[in-house]
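K.L.:
Fold the stuff below for me.
(one chain, ligands or ions: 2)
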Amino acid sequence: MRAQPKASHFIDGAYIEDDAGAPITCIYPATGETLAELHEATPALVDKALAAAKRAGPEWAALSGTERGRILRRAADMMRDENRALSEIETLDTGKPLQETLVADATSGADALEYFGGLAATIAGETFRLPGGDWAYTTRDPLGVCVGIGAWNYPTQIACWKAAPALACGNTMVFKPSETTPLSALRVAEILKEAGLPDGVFNVLQGRGGVGASLVTDPRVAKVSLTGSVPTGQKVYAAAAEGLRHVTMELGGKSPMIVFADADLDRAVSGAILGNFYSSGQVCSNGTRVFVERTCRDAFVDRLRERLKGVVMGDPLDEATNYGPMVSEAQMNIVLGYIEKGVAEGATLAHGGRRANRDGFFVEPTVFTGVTDDMTIAKEEIFGPVLSVLDFDSEDEVIRRANDTPFGLAAGVFTDDIRRAHRVAAAFRAGTCYINHYNAAPVEMPFGGSKMSGVGRENSLAAIEHYTERKTVYVGMGDVEAPF
Ligand SMILES: NC(=O)c1ccc[n+]([C@@H]2O[C@H](COP(=O)([O-])OP(=O)(O)OC[C@H]3O[C@@H](n4cnc5c(N)ncnc54)[C@H](O)[C@@H]3O)[C@@H](O)[C@H]2O)c1
Ligand SMILES: O=CCc1c[nH]cn1
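P.N.:
Ligands and ions are numbered 1, 2, ... in the order given. The predicted structure follows:
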């Protein structure tokens with residue numbers, strides 16, 4: 001199986017290779033086969049990409065929002081037309097089942113391009129009437145060259161969630177995908193060019209953390225948007241701070257999902273499945289601490305185990321498969337290590353817990369019961385298919401425990417009591433909260449974390465705030481009075 005792109009990088013409107021860069025081998029996680037051989041960007045290519053983005057900026061920013069938006073919306077249509085091919089690349093790159101990628105990856109990227117393409121013409125400032133007939137106005141100006149750095153779980157979505165608002169606002173971008181999933185961003189860049197994007201406005205560079213680090217501190221860069229883990233976020237945020245660069249940090253989590261006994265249990269089980277086993281658990285906002293009211297815990301776990309009989313593990317390219325492998329052998333070993341720790345620390349393995357007996361990096365969907373707040377599996381982000389059930393007895397107690405984490409990405413509550421639902425949502429310390437649902441991330445709503453889970457928001461009108469800065473212009477209409 002091969003998915004070799006034309007070259008490793010896309011700079012200034014063209015594919016480019018430099019074999020001097022360290023090799024990156026791209027693996028199909030379902031079999032371990034090599035899909036493609038790429039190279040990290042050399043310092044010369046980093047410089048070339050940033051120079052292109054810097055040069056292309058003024059002309060791109062000078063277009064009207066309508067003109068910029070038209071190109072983004074055209075790209076959205078092209079992505080939808082090409083959804084199957086893009087989904088197949090995503091499945092090969094990540095191992096996520098085609099059944100998922102057909103509806104959640106390029107489509108989500110296209111939504112972002114369409115949404116921000118539509119918004120581009122509406123980006124405007126304000127006016128203020130001031131004493132003596134003076135007045136002031138603001139403009140919303142682009143920041144300049146933005147750097148996007150991606151994680152490996154949603155490569156197409158991440159590229160588009162960053163590129164679409166950045167470009168709509170008149171910025172240019174150099175995007176570095178995760179070294180684990182380097183393929184799809186290249187096709188996104190090509191589509192944008194085919195849709196009419198001027199050369200240099202969106203560039204893709206491959207590389208590991210070192211390439212990312214060299215982008216973050218370059219004096220030409222005005223903003224850095226990272227999707228990644230908390231430790232990487234801390235490093236990137238600190239490095240960006242040296243130049244007082246704007247940042248968006250979309251980081252990890254250990255999110256709570258609370259199931260009250262009055263909830264529709266089937267709906268709650270569906271939420272727990274979406275929040276733990278979709279993308280084989282490799283979703284940042286997953287609700288991996290499932291607090292279940294003690295009186296309904298057994299019924300909840302029984303129904304969950306019953307539903308897990310519906311898992312179809314297999315070739316991710318087969319549309320009947322609904323459960324794929326971990327993205328890499330390394331990630332599989334991390335997840336298996338956490339499962340071992342869960343057992344060693346006294347949690348009860350209620351389902352799964354092993355590497356699947358097949359090729360590739362598959363880990364069985366795993367459920368632990370009897371989990372307590374102090375266990376490692378209840379405290380650390382696993383980023384795999386490991387669901388922990390924790391018992392609780394009262395609303396106050398569970399809110400306190402749900403919030404007792406340095407993370408704050410997402411949180412969910414399942415209950416049929418409308419007042420309790422909103423009370424609990426108000427009490428959550430998390431950026432994205434769900435009532436009787438979990439993990440949906442439509443482009444219309446802000447998405448992002450609080451506490452250690454991040455800074456800023458992606459999607460929605462909120463993203464416009466993060467890719468523009470206000471310029472205030474004071475207009476004097478009368479005499480200027482001075483003391484001497
Ligand atoms: N909040 C969100 O929206 C969101 C979405 C998806 C994934 N995530 C998080 O991403 C993590 C999984 O992804 P990952 O393993 O690829 O994360 P990671 O932190 O290992 O890597 C993320 C990206 O940062 C780059 N990088 C690493 N060190 C760097 C440095 N010093 N300077 C600049 N760039 C550097 C990597 O090459 C990669 O492209 C999880 O923690 C998950 O929760 C968050
Ligand atoms: O991985 C995090 C982003 C996300 C959440 N739901 C869909 N995508």
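K.L.:
got the buried residues for the longest helix along the chain?
P.N.:
Longest helix in the chain, counting residues (DSSP state H): helix 43-62. Buried positions in helix 43-62, judged by neighbour count with 16 or more other Cβ atoms under 10 Å: 45-46, 48-54, 56-57, 60-61. Heads up, the C-betas are built off the backbone N, CA and C, glycines and all.
K.L.:
and what of stretch 184-193?
P.N.:
In stretch 184-193, counting by 16+ other Cβ under 10 Å, buried: 184-193.
K.L.:
Also stretch 116-129?
P.N.:
So for stretch 116-129, counting by 16+ other Cβ under 10 Å, buried means 116-117, 119-120, 123.
K.L.:
And those, which is closest to ligand 1?
P.N.:
residue 116 (16.8 Å; Cβ to the nearest ligand atom).
K.L.:
Show me where the stretch 51-200 of the chain has its strands.
P.N.:
In the stretch 51-200 of the chain, the strands defined using DSSP state E, counting those that start in this stretch lie at 127-129, 135-142, 145-149, 172-176.
K.L.:
If you count neighbours, what's buried in stretch 202-209?
P.N.:
202-207.
K.L.:
Briefly note if it comes near ligand 1.
P.N.:
Yes: applying Cβ under 6 Å from any ligand atom, one finds stretch 202-209 touching ligand 1 at 208-209.
K.L.:
Would you mind pulling the contact partners of that stretch?
P.N.:
Contact with stretch 202-209 is made by 8-12, 21-22, 24, 38-41, 45-46, 49, 52-53, 159, 163, 167, 172-177, 179, 182, 185-186, 188-189, 192, 211, 215, 232, as judged by Cβ atoms under 8 Å, 6 or more residues apart in numbering.
K.L.:
ok, the closest residue to residue 385 other than its chain neighbours - contacts?
P.N.:
Counting by Cβ to Cβ, 6 or more residues apart in numbering, residue 281 is the residue found nearest to residue 385 once chain neighbours are left out, at 3.6 Å. Residue 281 makes contact with 288, 335, 365, 382-386 under the criterion Cβ under 8 Å, 6+ apart.
K.L.:
what's the answer for residue 359, then?
P.N.:
Contacts of residue 359 (Cβ under 8 Å, 6+ apart): 30-32.
K.L.:
change it to 7 Å
P.N.:
31-32 (Cβ atoms under 7 Å, 6 or more residues apart in numbering).
K.L.:
tell me which element it falls in.
P.N.:
Here residue 359 sits in a region with no helix or strand, counting by DSSP states H and E.
K.L.:
I'd like to know how far it sits from residue 258.
P.N.:
Going from residue 359 to residue 258 by Cβ to Cβ, to the nearest Å gives 38 Å.
K.L.:
Now residue 80. Nearest residue, chain neighbours left out?
P.N.:
Residue 80's closest residue in space is residue 110 (Cβ to Cβ, 6+ apart), at 5.0 Å.
K.L.:
Touching, the one you found and residue 76? I think so.
P.N.:
Yes: under the criterion of Cβ atoms under 7 Å, residue 110 makes contact with residue 76 at 4.3 Å.
K.L.:
hang on, the earlier thing: tabulate the contacts of residue 281 (TSV), appending secondary structure.
P.N.:
Putting the contacts of residue 281 into TSV (DSSP: H, G, I helix; E, B strand; the rest coil) gives the following:
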residue	secondary structure
288	coil
335	helix
365	coil
382	coil
383	coil
384	coil
385	coil
386	strand
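K.L.:
hmm, which two among those are most spread apart?
P.N.:
For the contacts of residue 281, the maximum inter-member distance is 14.2 Å, found between 365 and 383 (Cβ to Cβ).
K.L.:
out of the two, which sits in the busier spot?
P.N.:
residue 383 (26 against 23; other Cβ atoms under 10 Å).
K.L.:
nearest spatial neighbour of the more buried one, skipping sequence neighbours?
P.N.:
The nearest residue in space to residue 383 (Cβ to Cβ, 6+ apart) is residue 282, at 5.6 Å.
K.L.:
Around the one you found, count how many other residues there are.
P.N.:
Residues near residue 282, counting by other Cβ under 10 Å: 24.
K.L.:
go on, the one 3 residues further on?
P.N.:
Counted with other Cβ under 10 Å, residues neighbouring residue 285 total 26.
K.L.:
what's the closest residue in space to residue 403 that isn't next to it in sequence in contact with, if anything?
P.N.:
Distances taken as Cβ to Cβ, 6+ apart put residue 429 closest to residue 403, at 4.7 Å, once the chain neighbours are dropped. Contact analysis of residue 429 by Cβ under 7 Å, 6+ apart lists 403, 408, 450-451.
K.L.:
which one of these has the most neighbours?
P.N.:
residue 408 leads the contacts of residue 429 on contacts (other Cβ under 10 Å) with 23 neighbours.
K.L.:
Check whether it sits in a helix, strand or coil.
P.N.:
Strictly by three-state DSSP, residue 408 counts as coil.
K.L.:
just residue 306 next, same as before
P.N.:
Classification of residue 306 by three-state DSSP places it in helix.
K.L.:
Tell me how far it lies from residue 248.
P.N.:
41 Å.
K.L.:
How about residue 439?
P.N.:
20 Å.
K.L.:
And stretch 84-102, what's buried?
P.N.:
In stretch 84-102, counting by 16+ other Cβ under 10 Å, buried: 86-102.
K.L.:
thinking residue 336 is in contact with residue 355, fair?
P.N.:
Yes: Residue 336 lies in contact with residue 355 (Cβ under 7 Å); the separation is 6.1 Å.
K.L.:
Which neighbours do these two have in common?
P.N.:
Joint contacts of residue 336 and residue 355 (Cβ under 7 Å, 6+ apart) are residue 363.
K.L.:
And the contacts of residue 429, which two are furthest apart?
P.N.:
Pairwise over the contacts of residue 429, using Cβ to Cβ, the maximum falls at 403 and 450, 10.5 Å.
K.L.:
So what's the residue count around the closest residue to ligand 1 within the chain?
P.N.:
In the chain, the residue that lies nearest ligand 1 is residue 212 (2.3 Å; Cβ to the nearest ligand atom). As a burial measure, residue 212 scores 23 neighbours (other Cβ under 10 Å).
K.L.:
Which strand or helix spans it?
P.N.:
Using DSSP H and E, residue 212 falls in helix 209-216.
K.L.:
circling back: list of residues touching the longest helix of the chain?
P.N.:
By Cβ under 7 Å, 6+ apart, helix 43-62 touches 9, 11-12, 16, 18, 142, 144-145, 170, 172-174, 198-201, 203, 205, 211, 214-215, 218, 220.
K.L.:
Residue 269 contacts residue 305, correct?
P.N.:
No: at 9.7 Å, residue 269 does not count as touching residue 305 under the criterion of Cβ under 7 Å.
K.L.:
okay, the two: which has more neighbours?
P.N.:
Between residue 269 and residue 305, counted using other Cβ under 10 Å, the more crowded position is residue 269 (24 against 14).
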